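> What shape does this take:
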Amino acid sequence: MLSQQPTTLQNGSRPTNTHILADDSDDEGALASTLVEALQVANEEELDDEEPFDDLDGAMGQDQSLSAVALSMQNTQDDLQARLAAAAQPLDFSAPLEVRFGSYDNYCSLFHFILNSEGPVELELPTYYWAWDVIDEFIYQFNSFCIYRNRVARKGTNEEEIQALRDNPQTWGCYSVLNVLYSLIQRSQMNDQLAAIKRGEDPALFAGEYGSRPLYRMLGYFSIIGLLRVHCLLGDFTLALQTLDDIELSKKAVFARVMAAHFTTYYYVGFSYMMLRRYADAIKAFSHILIYVSRTKNFHKQNAQFDSITKKNDQMYALLAMCVALSPTRLDDTIHTAMRDKYGDQFAKLQRGGPESLPVFEELFLSACPKFISPIPPDWDNPGANVEPSQHHLQVFMADVKNAMLLGPTIKSYLKLYTTVDLGKLAAFLEVDKEELRSQLLVFKQRSRQIRWTDGGLLEGEQVNTSELDFALKGDLIQVSEAKVGRKLVEWYLKNLIRTYQ
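From the prediction side, this is the model:
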């Protein structure tokens, strides 16, 4: 167990920054260059700073002593390099319990050495993306262990495994994982460095003794992305978005240089927005990364993680389909076509709404949501009391879907036919009670107003009307106004012109 207590993110006011789809991020690009280039020149600088040995031709005893020390240091260095490489190796999902316990001990030993040694650890990173692989695998093993433990607790049949898990309640605990991530961020002073970049200051002035080393810089940076993922898995979507206040979501960001990190970031940002009912921002986040992947998929076919990226890509299209059904908006033609190819029949049912759309929402949500985990150990004495976390979040999501989709699409289709209509007349069309319709209209109007991000942190934004239809209810009279979204004729003309010549 790591001895260092969990730390908090830096206090104080944060500078205003630009986030989603902000392509002109020169400051973040400067930090990206700093982090990546530092890995390339670190070894050369260390060699230049070393002092030469003065008395290599000393006495035989001194030579033997130096040789023994050098050999010991070389063995230690080789062992550390082996541990570094092993930390990034994926663990099989079906690994036995003993292997999971051993992997946890290895991670604790490695992070304890990195965080609690006397002074910064002098280690050469295997690759510049090694830090992401370590953080990603660390969180993956934590996630898979929690799912495995919860499954064993619900079945309640394997007494040997149950007893082993009872005896090790802190193994792969939430406290331990969060402790590691927050400690790596504080050691590297990464939040201070990112804030300094946004103020136009030199991040090296805030890096400190640890943050100036490539090992701590990269681990600290990707630990912020890791916190986004962990908080989302735990169901705290507000805190998940808040962790990215110091990171800009742009193509020039550091995480964008590692495809898996790039994809993971936008997936969890978009999903967090969706669960917070900010569907417009979720659509923007999903569309951004899906357009990027569609344009670069040929390049990424050579990536070792291409299969997992493809699976996550399909999940994001499913999430996007649900968001568009809940908050209709115009999509990029490439994304719209791909979404219809993958989920055409299901998307049509989602758009029609009504009771028949609810099973489709449930199916797509369970197939595309993260593998949620519980923040506490299961109740071993009452197996039936251990609820599947994904089912809990599904119920929360479906409560909002039912309010939106049971009558919402039908009401909208009728309102489009009128500029003014009597409440009783519309209730007769819908075959519902007049007062029930009044309540549904208020729900429909309230849902059409969402917080949309414009500037600042990811949680900030201004309230706007996201529907193309607006109405006012004065007594029993409904006055309707429709704001039509103009079609981009140039894009439509060029697209059809290309089709003509193909």
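> Regarding Phe164, what is its secondary structure?
No Phe there; residue 164 is Ala. helix (DSSP: H, G, I helix; E, B strand; the rest coil).
> residue contacts, the nearest residue to it once chain neighbours are set aside?
Closest residue to Ala164 apart from its sequence neighbours, by C-beta to C-beta, 6 or more residues apart in numbering: Leu97 at 5.9 Å. Any C-beta I mention is one placed from the backbone N, CA and C, and that applies to glycine too. Contacts for Leu97 were tallied using C-beta atoms under 8 Å, 6 or more residues apart in numbering; they are Tyr148, Glu161, Ala164, Leu165.
> Tell me the pLDDT of Leu97.
Per-residue confidence (pLDDT) for Leu97: 86.
> Relative to Asn158, how far out is it?
9 Å (C-beta to C-beta, to the nearest Å).
> do Arg499 as well
59 Å.
> More neighbours: which of these two?
Under the neighbour definition other C-beta atoms under 10 Å, Arg499 and Asn158 were set side by side, and Asn158 has more, 12 against 8.
> Nearest spatial neighbour of that one, chain-adjacent residues omitted?
Val152 (6.1 Å).
> shaky segments in the protein?
Scanning the chain with the threshold set as pLDDT under 70 gives 1-88, 93, 298-307, 483-492, 502.
> Show me just the buried residues among the contacts of Leu97.
Tyr148, Glu161, Leu165 (16 or more other C-beta atoms under 10 Å).
> which one of those is nearest Gly424?
Closest approach between the buried ones among the contacts of Leu97 and Gly424, by C-beta to C-beta: Tyr148, at 57.7 Å.
> The strand or helix carrying the closest one: which residues count as buried?
According to DSSP states H and E, Tyr148 maps onto helix 130-155. Neighbour-count burial for helix 130-155 flags 130-139, 141-150, 152-153 (criterion: 16+ other C-beta under 10 Å).
> what helices or strands is that helix leaning on?
helix 60-87, helix 97-116, helix 159-167, helix 174-188, helix 214-234, helix 259-275 (3 or more C-beta pairs under 8 Å, 6 or more residues apart in numbering; DSSP states H and E).
> I'd guessed the residue nearest to Asn158 sits against Leu165; true?
Yes - the pair Val152 / Leu165 is scored as a contact, 6.5 Å apart, by C-beta atoms under 8 Å.
> how about the helices in the stretch 351-500 of the chain?
Assigned by DSSP state H, counting those that start in this stretch, the stretch 351-500 of the chain shows helices spanning 358-368, 389-405, 408-415, 423-430, 434-447, 489-501.
> same for the first one, what does it pack against?
Looking back up the chat, that one is helix 358-368. Short answer (3+ C-beta pairs under 8 Å, 6+ apart): helix 358-368 packs on helix 306-326, helix 333-352, helix 389-405.
> Can you get me a residue count around Trp172?
Trp172: 22 neighbours (other C-beta under 10 Å).
> my guess is it is in a strand, correct?
No - under three-state DSSP, Trp172 sits outside any strand and is assigned coil.
> give me every residue that touches it.
So Trp172 contacts Arg100, Tyr104, Gln141, Phe142, Phe145, Cys146, Arg149 (C-beta under 8 Å, 6+ apart).
> Could you report the separation of it from Leu165?
From Trp172 to Leu165 the distance is 10 Å (C-beta to C-beta).
> one step back: make CSV out of the helices of the stretch 351-500 of the chain and add distance to Leu228.
CSV is the format used below for those (distance: least, C-beta to C-beta, whole Å):
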stretch, distance to Leu228
helix 358-368, 17
helix 389-405, 17
helix 408-415, 31
helix 423-430, 42
helix 434-447, 27
helix 489-501, 34
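> closest to Asn116 out of the ones you listed?
Of the helices of the stretch 351-500 of the chain, nearest to Asn116 by C-beta to C-beta is helix 389-405, at 32.4 Å.
> Measure how that closest one sits relative to helix 358-368, angle-wise.
140 degrees (axes from the mean of the first three to the mean of the last three C-alpha atoms, to 10 degrees).
> Counting by contacts, list what helix 389-405 packs against.
Counting by 3+ C-beta pairs under 8 Å, 6+ apart, helix 389-405 packs on helix 259-275, helix 306-326, helix 358-368, helix 434-447.
> I'd like to check the angle between the last one and helix 423-430, please.
On the basis of the same axes, to 10 degrees, helix 434-447 is oriented at 90 degrees to helix 423-430.
> Thanks a lot, see you next time.
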